[in-house]
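Engineer: let's see this in three dimensions:
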Amino acid sequence: MFWEGDTVVLKNPVVPVLVGSEGTVFRVFGFAKPPAYDVDFFDETHKSLGAFRVFGDENLSLKMSIREQQGLK
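Structural biologist: Numbering: from 1, shown residues only. Got it, this is the predicted structure:
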């Protein structure tokens, strides 16, 4: 499960976002099965590609945890 503020990488395509695109989770729907995340994806120049809902943990990988940055576990 991911947290709001986590930086993630897309593992499976979400049209029009390409696999490998990075994004920031800004909303978590953890009560859903599978969980869903609203993610603001951006390109290599940090220009926003838009916000998209991604279903399931298997479609994202964690790049940077907001909880680790804040010293939480």
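
Engineer: now the helices for this structure?
Structural biologist: When secondary structure is read from DSSP state H, the chain shows helices at 66-69.

Engineer: which helix or strand in it has the lowest average pLDDT?
Structural biologist: The helix or strand of the chain with the lowest confidence, counting by mean pLDDT, DSSP states H and E, is helix 66-69 at a mean of 82.

Engineer: other residues contacting that one?
Structural biologist: For helix 66-69, contacts defined as CB atoms under 8 Å, 6 or more residues apart in numbering pick out 3, 4, 5, 6, 7, 73. C-beta here means a position set from N, CA and C on the backbone, and glycine is covered the same way.

Engineer: just flag the most distant two among these.
Structural biologist: Spatial extent of the contacts of helix 66-69 (CB to CB) is set by the pair 7 and 73 at 17.3 Å.

Engineer: more neighbours: these two, which one.
Structural biologist: Between residue 7 and residue 73, counted using other CB atoms under 10 Å, residue 7 has the larger neighbour count: 17 against 6.

Engineer: enumerate the positions of stretch 43-58 that are buried.
Structural biologist: For stretch 43-58, burial by neighbour count (16 or more other CB atoms under 10 Å) applies to 49, 52, 54.

Engineer: how close does the last one sit to residue 25?
Structural biologist: Residue 54 sits at a distance of 9 Å from residue 25 (criterion: CB to CB, to the nearest Å).

Engineer: low-confidence ranges in the chain?
Structural biologist: Applying pLDDT under 70 to the chain flags residues 72-73.

Engineer: please name the nearest non-neighbouring residue to residue 6.
Structural biologist: The spatially closest residue to residue 6, leaving aside those adjacent along the chain, is residue 25, at 4.7 Å (CB to CB, 6 or more residues apart in numbering).

Engineer: OK, contacts around that neighbour?
Structural biologist: Contacts of residue 25 by CB under 8 Å, 6+ apart are 2, 3, 4, 5, 6, 8, 37, 38, 39.

Engineer: I'd say the last one and residue 21 touch.
Structural biologist: No: at 9.3 Å, residue 39 and residue 21 do not qualify as touching, with contact defined as CB atoms under 8 Å.
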